[in-house]
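> Quick one: sequence plus predicted model below, questions after.
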Amino acid sequence: MTNAVDPEDMGFEEAREELASIVARLESGGLSLEESLALWQRGEVVAAICTRWLDEARAKLDAAVAEREDEESDG
């Protein structure tokens, strides 16, 4: 039912693909309440991983921009 990969070991693309798969399965219906709940819970975990990857990427970009601005103002 759910992917056996630990979400903490996923890269962004893998997590995004699994999240899309989970959403598609939930939207398609035909699952028991227990299956739907398990998928929803897995989706919440995987979504948090995606958010963490995006937050980390944004922080790196912000730091790079700030560093460049500092270099330009010193130059």
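Cool, got the structure. Computed from a prediction, not measured in an experiment: that's the story for all the values here. Residues are numbered from 1 along each chain as shown.

> what sits against the spatially most central residue of the chain?
Per C-alpha atoms, centre = their mean, the C-alpha nearest to the average position across the chain is that of residue 50, at 1.2 Å. By C-beta atoms under 8 Å, 6 or more residues apart in numbering, residue 50 lies in contact with 12, 15-16, 19. Placement of C-beta: from N, CA and C, glycine included.

> would you list every one of the helices in this structure?
Taking DSSP state H as the test, the helices found in the chain are 12-28, 33-74.

> what about the longest one, average pLDDT?
Pointing back at helix 33-74 there. The predicted model gives helix 33-74 an average pLDDT of 95.

> got the angle for that helix vs helix 12-28?
Here helix 33-74 points in a direction 140 degrees away from that of helix 12-28 (axes from the mean of the first three to the mean of the last three C-alpha atoms, to 10 degrees).

> distance between helix 33-74 and the chain's centre?
Between the mean C-alpha location of helix 33-74 and the chain-wide mean there is a distance of 7 Å, by C-alpha atoms, centre = their mean, to the nearest Å.
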